[in-house]
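1. give me a 3D structure for the following:
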Amino acid sequence: MINEVRNTVLSIANKNNFGYITPNDFNLYARQAQLDIFEDYFYQYNAWNVKQNIRQSGTGYADIVKSLEEVLDSFSATRALIYRGSSLYDLPENYYLINKINYYNTIITTGATTNVVTNGLEDNIATFITDNVQVGNLVSNDVTGLSAFVTSVISETELGLSNDIFDLLGIDYAIVSTTPSTIKEIERVSQNKIFYLNSSPLTYPTAMYPAYVLGGADGVGGSSNTYGNTVTVYPDTIGTQGMVVTQYIRYPRVPNWTYVQVGVNQEPSFDESAADYQDFELPESDAPNLINKILQYAGVSIRDNSVAAFGKAEETEANKQEGQ
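-> Numbers count the residues shown, from 1 in each chain. Take a look at the predicted model:
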């Protein structure tokens, strides 16, 4: 989709010789446009929920809330939080919204990878069958926190996984049980509330009823190794890598229109085979919105109000048609 969007943007911008948008500038505008539309989905979701509650939203193909949920669910991810010690865990670097954090209290086995397998895990000294590893168990990469589910137990030393989470040898992993009785949702509480909870043995968080508080940047490891957003999990007996897992909404990946230079004039030509190529992650139906947003940014950059005004007018008209 990104190439079609760029071609349309260039066609509109160049029609009256308004100016040329370089690939680097386009990628900058594309990133911002995608973020604008992505964040607007949450406001739309709230607005349409209100309309649904007062019976101003339809059903079936007219169920706007359902269609918005499907888009937002496409950004859902699961990851084990990286344990930093002292009850402190790193949140994923790409998280936008934390839906829930769970405590998986039963570790089945741990080890380290001895081979790189596509959609799999291989550990030559493991005993997966003997350890009763089963399909559906959750496997986490202890370095990145990436998680996957066991899709097949191939042998004592090899598992099939739902996605690739290991790309190097010697990476520590943990496998936890996903039996409902072994999973406890960790309740989020405020910094102020956790103080009072910890002050009484009657309310102190336990492994049966754990809690967490959301924090900011933490300087554990020195100023040269400052981590990002963190959570502190209570009680402090919960401190094993792979046992605290979050389900969250991630940011969309940064779009990147990649190209090779061809011809005498070294004109950029679209190359989707490049290693760093990344298409938009929004639905195809958002292409007009992306075009309008990018035109607005481009119009400001090339100092042509007519380009920006065109994009704004098209966006306003689209919002009217969508009932926003």
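2. low pLDDT regions in the stretch 101-250 of the chain?
-> 216-228 (pLDDT under 70).
3. and the strands in it?
-> Taking DSSP state E, counting those that start in this stretch as the test, the strands found in the stretch 101-250 of the chain are 107-112, 120-122, 138-141, 147-153, 158-161, 172-176, 183-188, 211-215, 230-234, 244-250.
4. which residue of this protein lies farthest from its centroid?
-> Among the C-alpha atoms of the chain, the one most distant from their mean position (CA atoms, centre = their mean) is that of V264, at 41.5 Å.
5. what helix or strand is the residue nearest to D36 when sequence neighbours are not counted on?
-> Take D36 and drop its neighbours on the chain: the residue closest to it by CB to CB, 6 or more residues apart in numbering is K293, 5.7 Å away. Bear in mind the C-beta positions are built from the backbone N, C-alpha and C, glycine included. Per DSSP states H and E, K293 falls inside helix 287-301.
6. helices or strands up against that helix?
-> Applying 3 or more CB pairs under 8 Å, 6 or more residues apart in numbering; DSSP states H and E, we find helix 287-301 packed against helix 2-14, helix 23-53, helix 305-321.
7. list the buried residues for the shortest one?
-> Under the neighbour-count criterion of 16 or more other CB atoms under 10 Å, helix 2-14 has I2, V5, R6, T8, V9, I12, A13 buried.
8. what's the most buried one of the strands of the stretch 101-250 of the chain?
-> Across these, averaging neighbours per residue (mean count of other CB atoms under 10 Å) puts strand 138-141 on top, at a mean of 25.
9. give me the residues contacting that strand.
-> Here strand 138-141 makes contact (CB atoms under 8 Å, 6 or more residues apart in numbering) with 78-80, 104, 121, 146-150, 159, 161, 165-166, 171-176, 178, 241-242, 245.
10. beta partners of the residue most central in space within the chain?
-> Note on the chain: the residue nearest the mean C-alpha position is R250, at 2.1 Å, using CA atoms, centre = their mean. Note on R250: beta-bridge partners by DSSP bridges are Y95.
11. which residues does it contact?
-> Here R250 is in contact with F75, S76, A77, P92, N94, Y95, Y96 (CB under 8 Å, 6+ apart).
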